[in-house]
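Peer 1: give the three-dimensional model of this entry:
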Amino acid sequence: MKIVVEITREPLQARGVTAAESATGAVVEFAGVVRGEENGAPIAALDYEAYEPMARAEMERLAQELSADYPCHRMEVAHRIGRVPAGEVSILVRIEAKHRAEAFGMLSAFMDRLKRDVPIWKKISP
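Peer 2: Below is the predicted model of the structure:
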């Protein structure tokens, strides 16, 4: 599986479905958006910090590990750091697979593990 991981301070935008390799039957794209409230209180933004080399390596490792259960062709992950205003994308994940079950399974498992295992922290900005 081809894995591409990026950590950036630049805004992220979904690409939508573009050309994929011929064996691809499913393309899943997920955008995690900063909500304008947290625990019922309004917020302006989230501030993300990361230990970048370790965060990038851990995301690559997780994707590779999960590919044993969810065989996919390609996975792209872009995570923002720094201040991300409410309404903007903080993480973008795009997965190409032969079938939708693998793509959706990979996405769900990856996001669960990312939140638990990857050294990226967020702080609320009211």
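Peer 1: pairing partners for the least confident helix or strand in the chain by mean pLDDT, with directions?
Peer 2: Within the chain, no helix or strand scores below strand 37-38, which has a mean of 92 by mean pLDDT, DSSP states H and E. Sheet partners assigned to strand 37-38 using DSSP bridges are listed as strand 41-42 (antiparallel).
Peer 1: who touches the strand it pairs with?
Peer 2: Residues outside strand 41-42 that contact it (C-beta atoms under 8 Å, 6 or more residues apart in numbering): 36, 126. C-beta here means a position set from N, CA and C on the backbone, and glycine is covered the same way.
Peer 1: what comes up buried for the helix or strand just after that strand?
Peer 2: Note on strand 41-42: by DSSP states H and E, the next helix or strand toward the C-terminus is strand 45-50. For strand 45-50, a neighbour-count test (16 or more other C-beta atoms under 10 Å) marks 45-46, 48, 50 as buried.
Peer 1: for His75, grab the count of nearby residues.
Peer 2: If you look again at residue 75, you'll see it is Met, not His. For Met75, the neighbour count with other C-beta atoms under 10 Å is 28.
Peer 1: from Ala55, how far out is it?
Peer 2: Per C-beta to C-beta, to the nearest Å, Met75 is found 15 Å from Ala55.
Peer 1: cool, and Asp47?
Peer 2: Asp47 sits at a distance of 15 Å from Ala55 (criterion: C-beta to C-beta).
Peer 1: which parts of this protein are helices?
Peer 2: 52-66, 100-117 (DSSP state H).
Peer 1: tabulate these (TSV), appending distance to Lys2 and mean pLDDT.
Peer 2: Formatted as TSV, the helices of the chain follow (distance: least, C-beta to C-beta, whole Å; pLDDT from 0 to 100):
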stretch	distance to Lys2	mean pLDDT
helix 52-66	10	98
helix 100-117	13	97
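Peer 1: would JSON lines of those helices with distance to Arg35 and mean neighbour count be doable?
Peer 2: Shown next, in JSON lines, are the helices of the chain (distance: least, C-beta to C-beta, whole Å; neighbours: other C-beta atoms under 10 Å):
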{"stretch": "helix 52-66", "distance to Arg35": "22", "mean neighbour count": "17"}
{"stretch": "helix 100-117", "distance to Arg35": "15", "mean neighbour count": "17"}
